[in-house]
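Enquirer: Only the shape, not the letters, is given here:
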């Protein structure tokens, strides 16, 4: 996928209106990290004294490489987004992330370097939560909030008008509001 996006960065906006990476945390934490761990094992960085342990290990450079690759992926997705494609990245939730114990929730990414930087790559970061009826049945669509009390990571790049940005997860409404804000910014600049 990474190679495809980079090789076809000019063609994607001509063919697609939207691109969804679901979940981006699996792509980064499992696929990319797994490839790095495989390379580490092949290079026999840790020797052969405990082959099963060495097979699953990565050294600190592996996490630096993971962070770098994740940033490169987000940069590519950002370049696609600037060409008018709606890019949505869905992440698994990390409860009480190790890289910041003050948070009760954050997108689940391995390591800490990428976690410090990824909010810069996204215009919106929302926490999606289930809704339940009186009998405990799950209601759809779920709730999403783009503002935080500091206990979880959230981001809203548009105008806030002083109130919390929260409601039912309605992509049409969210994207229309974001598009309207971007058009207003262009009008001010032009």
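Expert: It's in. Just so it is clear, the structure is predicted and the values come from calculations on it, not from any experiment.

Enquirer: The host helix or strand of residue 142 packs against which elements?
Expert: According to DSSP states H and E, residue 142 maps onto strand 138-145. Strand 138-145 sits against strand 127-132, strand 166-168, with contacts defined as 3 or more CB pairs under 8 Å, 6 or more residues apart in numbering; DSSP states H and E. Yep, even glycine has a C-beta here, placed from its N, CA and C like the rest.

Enquirer: and the closest residue in space to residue 20 that isn't next to it in sequence, what is it in contact with?
Expert: If the residues on either side of it in the chain are set aside, residue 20 comes closest to residue 88, at 4.7 Å by CB to CB, 6 or more residues apart in numbering. Applying CB atoms under 8 Å, 6 or more residues apart in numbering to residue 88 gives the contacts 18-22, 171.

Enquirer: The helices and strands packed on strand 138-145: which one's closest to residue 81?
Expert: strand 127-132 (20.0 Å; CB to CB).

Enquirer: now that closest one and strand 138-145, what's the angle there?
Expert: 150 degrees (axes from the mean of the first three to the mean of the last three CA atoms, to 10 degrees).

Enquirer: Need the contact partners of strand 127-132.
Expert: So strand 127-132 is in contact with 93, 105, 138-140, 142-145, 148, 152-154, 169, going by CB under 8 Å, 6+ apart.

Enquirer: Partner strands of that strand, with direction?
Expert: Strand partners for strand 127-132, identified by DSSP bridges, are recorded as strand 138-145 (antiparallel).

Enquirer: what residues does the strand it pairs with touch?
Expert: By CB under 8 Å, 6+ apart, strand 138-145 touches 126-133, 154, 164-170, 174.
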